[in-house]
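Undergrad: Let me see the structure of the following:
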Amino acid sequence: ETVLSPEAWCEVAFTAIEGEPLQEGPPGFHRLAGLDTLQHTYPTVKQAALECAAEDRLNQEMMEDTEMLKVAEKFIPRSVLKHLKSGNSSSINEMRSVSIIFAQIGGVDVS
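TA: A predicted model of the protein is given here:
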């Protein structure tokens, strides 16, 4: 059973079917009997659910990226890190710090 507050009912009244009146409880609340299929078809509701699930996945991925960024911070140049944290990665590849090391190590057999 789904019961909607007066504020929620105002938002969905044109697409919902009202159920039996509530016998008890605060006034103005509405029992929801179902959705008006002339307004919303199953594919519409399914699409809304899929979009919500996709948004949840995106939020989860962003949280995982944030956690990975925390671990990698000490290895990322400050100028690049600043752009990553601000969400502006459009010009990040133009700002690279490069360190080059030439080392000659003797007495090591790498074969």
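Undergrad: helices and strands around the host helix or strand of K46, which ones?
TA: Assigned by DSSP states H and E, K46 belongs to helix 42-72. Applying 3 or more CB pairs under 8 Å, 6 or more residues apart in numbering; DSSP states H and E, we find helix 42-72 packed against helix 78-86. C-beta coordinates here come from the backbone N, C-alpha and C atoms, glycine included.
Undergrad: Would you mark the buried spots in the helix holding K46?
TA: Across helix 42-72, burial judged by 16 or more other CB atoms under 10 Å covers no residue at all.
Undergrad: Tell me what angle that helix forms with helix 78-86.
TA: Angle, helix 42-72 to helix 78-86, by axes from the mean of the first three to the mean of the last three CA atoms, to 10 degrees: 150 degrees.
Undergrad: ok now helix 42-72, how far from the chain's centre?
TA: 4 Å (CA atoms, centre = their mean, to the nearest Å).
Undergrad: Ramachandran angles for I17?
TA: phi -110, psi 130 (degrees, to the nearest 10).
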